[in-house]
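> next one to model:
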Amino acid sequence: MNNPKVASTSSSAGLISLAGSLIGLGIFFLPLPHGDGQMTIPLVIMINLLKQTLGGALNFITLGLIVLLCVTWLMSRISGHEGLRRYHRQDGTMTGITFLLAAVFAGLLAFGVGPQWLLHEDVGGLALYLGGSVFLTVTIAGFFVIFLTEFGFLEFVGTLMEPLMRPLYRLPGKSAVDAVASFVAAPAVGIFITNKLYMEGHYTERESAAIATNFSICSLGFFALLASIGGIMAYLPHMILMSFVINFTVAALMVRIPPLSRKRDVYFAGNPQTAEDLQSTSDTPIIARACAAAAERAAQTRLDVFYKGFWEAITFAQKIVAYILAIATLALLLATYTPVFDMLGSVVEPLISALQLPDASAIAPTVLVAIAEIALPAIIISGAEVDPMAVFFVCTLSTVQIIFFTESANAMLESKIPLTVLDLVVVFLLRTLVALPMVALATHLLF
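From the prediction side, this is the model:
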């Protein structure tokens, strides 16, 4: 005999799940008309409005965040304050030096003081802009992503996607949401979700590493930025579609080869993955199971998740901003004023020529520089008079390389996901090698 009280509770949980999930879907995925007839999701509208409202003050907010980070790091080293020690428990001496270097760069750039080679808009100016932009994006998106993670949407999608994600990518179905979150918000947002779910026991070490390095796709907004820098806005839809297809094709291979395949199938708490974790023994229809899983998750949600979620997002973003100011500035200086990346390009040029792409000598230096900053290839190629076909290739390739140290790589290293710098460099090189012929083929098909 059915218990009316249990049925009522289940119904309430289902309504809460539906309402919370719809809010999250609306914020992250619902396109709205916004200026000049363009369609933009509410999340991007909110971020852009806040950027416009803050204006130049965002540079000083970025500076203040980094200075505060330096102070708390120094205090954690010389005081016994448990909270500060806990906040910086993973931040060693080299990390602290990175924070201090970021503070120096941010101070000079915010006040416009220093040599012109540093203040140049394509060097320090770009690094400072990226720092502030990423901070706002990760903080705002990290807060609103609660509606996707805490109200059952992940459980719903995960249950539905499991039959596809397991055989193709050896991953749980809910990892599909991580990819889409990156695609519509920012790579760091997808990594934030992956890290959160890994720490909560949803993913193993191997699964979290595979998801972070394969599905932290650059955002739709960044696609537009790259196309704008390269002067190929007319090809933006083609770039997005081809990048999406290539990314998911490359992922199917990357999850099956080292270093990702060698990660352990052990959860954050230390317990190994079992056969029961990989399969469902229920005979209930998959839609019913998806709805039940979503309702069960929503029933466990309490109001304090909003406070905790905001705190996690803003502290996560604070450290990423410091990495961006330090590492991006150094990388941009190397790219702009030294022949280092040109020398790296000479290694790749024969392969570019073999792919029968135009302006191979101009393309080659851009192939490996994306590991420093995803926009660097577009910036470099925009300064040369090259065929639009070459520009399309460069911009599309940079979007499928995934690993870049101004955002995604640093977010991965800052997270609890078991990835080392060596892992990330190897994954970047392998992704580049595998993606090169695919992007070249897509480029030839289009042009």
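> let's test this: mean pLDDT of stretch 169-181, rounded?
Mean pLDDT, computed over stretch 169-181, is 74.
> quick check: the gap between residue 219 and residue 194.
Using Cβ to Cβ, to the nearest Å, residue 219 is found at 16 Å from residue 194. For glycine as for every other residue, the C-beta is placed from the backbone atoms N, C-alpha and C.
> an error on my part: the question was meant for residue 19.
Taken as Cβ to Cβ, the span from residue 19 to residue 194 is 25 Å.
> more neighbours: those two, which one.
Neighbours were counted for residue 19 and for residue 194 using other Cβ atoms under 10 Å; residue 194 has more, 33 against 13.
> could you point out which element follows the helix or strand hosting that one?
Element membership of residue 194, judged by DSSP states H and E, is helix 187-199. Counting by DSSP H and E, the next helix or strand C-terminal to helix 187-199 is helix 205-215.
> contacts for that next one, please.
Residues from elsewhere that reach helix 205-215 (Cβ atoms under 8 Å, 6 or more residues apart in numbering): 169-172, 175, 178-179, 182, 190-191, 194-195, 197-198, 203, 247, 250-251, 254-255, 260-261, 263-267, 402-403, 412, 415, 417-419, 423-424, 427.
> buried ones among those residues?
By neighbour count, with 16 or more other Cβ atoms under 10 Å, the contacts of helix 205-215 hold 169-172, 175, 178-179, 182, 190-191, 194-195, 197-198, 203, 247, 250-251, 254-255, 260, 263, 267, 402-403, 412, 415, 417-419, 423-424, 427 as buried.
> filter these down to just the ones in helices.
Per DSSP state H, helices hold the following members of the buried ones among the contacts of helix 205-215: 169, 175, 178-179, 182, 190-191, 194-195, 197-198, 247, 250-251, 254, 412, 423-424, 427.
> stretch 352-371: which residues count as buried?
Using 16+ other Cβ under 10 Å as the test for burial, stretch 352-371 gives 352, 355, 357-360, 362-371.
> ugh, wrong one, stretch 291-307
For stretch 291-307, the neighbour count (16+ other Cβ under 10 Å) marks 291, 292, 293, 294, 295, 297, 298, 301, 305 as buried.
> how about low-confidence regions in the protein?
Confidence mapping of the chain against pLDDT under 70 gives the ranges 1-10, 35-37, 177-186, 220-221, 279-283, 383-384.
> closest to the centroid, which residue in the chain?
When Cα atoms, centre = their mean is applied to the chain, the residue found nearest the centroid is residue 187 (1.2 Å).
> could I get the contacting residues of that residue?
Applying Cβ under 8 Å, 6+ apart, the residues contacting residue 187 are 216, 217, 218, 219, 402, 407, 408, 411.
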